[in-house]
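1. What follows is a predicted protein model with its sequence.
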Amino acid sequence: MGALECAAGVYSHLMKPLRADLHTHTTCSDGSTSPAALIDLALQRGLGGLSITDHDTVAAYAEAGPAAKRAGLPLIPGCELSAEHKGESIHILAYAFPLDHPELLEFCELHRERRVRRAEKILDKLRKLGHKLQLGDLERSDSAVVGRPHIAEALRRLGAVGSVKEAFQLYLGEGRPAYVHGQPFSVEETLALIRKIGGISVIAHPHLIRHQRILREVLEQPFDGIECYYAIMPPERERRWLEMAEQKGWLVTGGSDYHGEVKPHIQVGSSWTPEESFLKLQQHYAKHSS
Ligand code: AMP
Ligand code: ZN
Ligand code: FE
Ligand code: FE
């Protein structure tokens, strides 16, 4: 190999556009990877940026922040907030806000309490269906908010189902016998909170919204961005969202929705946010956090 070719080989990664996975979960919500281990994984996968977007909590950043700094990995504050519109569950990604904002922390605390109340109701339904599970039987780290995947895993350990997927199909999915809605905040309330804390709002995985009327109404809300690249979604399904982003002037984002062993077929970095959007989020954060 000539010297030039050799140099091109060594430095080729510097010429590739940066890939930032902006949708990941840790043990602080329903993922199985710790915040520090997720930073290591992101580096191993060659990512140039990351956001941890646990459900309704930013607890991961206490560990992930220093770990990312040590590793030199750009980490953007994030959170996947549970919301609802006319009874359908809607996930909203918030980015680039101050992690210690008191109103954010208060909002997350309300979600934490709401999630415990909801889990109690789900377990109540499951007990009536013959599955003897208590809140204490759910395996999660001390700081983790509770979610349906924790209950699904407990059902699997109990032998009531063969897999987490089956637990959702038989009991926990929307419309199934142990489903509890749990009264999350509305899309409007959630967007107002994100605006108040100076964050950027992104509608998460719009293709998962089941009812077309709900989807239409939700997309009329004033989001700042839309998650166009998701997990291992085929490219032909991205086009509709990319066109919408263009038409509305929304930021285009993407991410894997990595959950570790909870969704073993999804790797960190399986989808990512384009460099241009990531740089805009970084600039927004730099401007508003100083
Ligand atoms: P929760 O926040 O408690 O409503 O739980 C939502 C989470 O459950 C999602 O983010 C996924 O991680 C997981 N989930 C939802 N539906 C399914 C499904 N059908 N199979 C496996 N996991 C699911
Ligand atoms: Zn999840
Ligand atoms: Fe989600
Ligand atoms: Fe998610």
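-> Great, that's in hand. Residues are numbered from 1 along each chain as shown. Ligands and ions are numbered 1, 2, ... in the order given.

2. Could you use CA atoms for every contact and neighbour count after this?
-> Noted.

3. And the helices in the stretch 51-200 of the chain?
-> Across the stretch 51-200 of the chain, reading from the start of the chain, the helices by DSSP state H, counting those that start in this stretch fall at 61-71, 102-128, 148-158, 164-167, 187-196.

4. contacting residues around the last one?
-> With contact meaning CA atoms under 8 Å, 6 or more residues apart in numbering, helix 187-196 is reached by 81, 83-85, 90, 92, 94, 103-104, 200-201, 218, 221-223.

5. Of those, which is the nearest to ligand 1?
-> Closest approach between those and ligand 1, by CA to the nearest ligand atom: residue 81, at 9.0 Å.

6. Can you check what pLDDT the model gives that closest one?
-> Confidence per residue is given as pLDDT, and for residue 81 that number is 98.

7. show me the contacts for it.
-> Residues counted as contacts of residue 81 (CA under 8 Å, 6+ apart) are 55, 56, 91, 92, 93, 94, 190.

8. Also residue 224?
-> By CA under 8 Å, 6+ apart, the contact list for residue 224 reads 200, 201, 202, 250, 251.

9. The contacts of helix 187-196: which two are farthest apart?
-> The most widely separated members of the contacts of helix 187-196 are 103 and 218, with 23.7 Å between them, by CA to CA.

10. And the strands in the stretch 1-150 of the chain, which stretches?
-> With DSSP state E, counting those that start in this stretch applied, the stretch 1-150 of the chain shows strands at 20-21, 49-50, 78-85, 88-95, listed in chain order.

11. most tightly surrounded among those strands?
-> Ranked by average neighbour count under the criterion mean count of other CA atoms under 10 Å, those are headed by strand 20-21 at a mean of 30.

12. could you say what helices and strands it packs with?
-> strand 49-50, strand 251-255 (3 or more CA pairs under 8 Å, 6 or more residues apart in numbering; DSSP states H and E).

13. and the first one, what's its mean pLDDT?
-> Along strand 49-50, the predicted confidence averages to a pLDDT of 98.

14. With the longest one instead?
-> Model confidence over strand 251-255 averages 98 on the pLDDT scale.

15. And the contacts of that strand?
-> Residues external to strand 251-255 that are found in contact with it (CA under 8 Å, 6+ apart): 20-24, 202, 224-231, 242, 245, 269-274, 277-278.

16. And the residue of the stretch 151-290 of the chain closest to ligand 1?
-> Nearest residue of the stretch 151-290 of the chain to ligand 1 (CA to the nearest ligand atom) works out as residue 165 at 4.2 Å.

17. OK, contacts around that residue?
-> With contacts taken as CA under 8 Å, 6+ apart, residue 165 has the following neighbours: residue 152.

18. Low-confidence ranges, the stretch 151-290 of the chain, go.
-> Judged against pLDDT under 70, the low-scoring parts of the stretch 151-290 of the chain cover residues 290.
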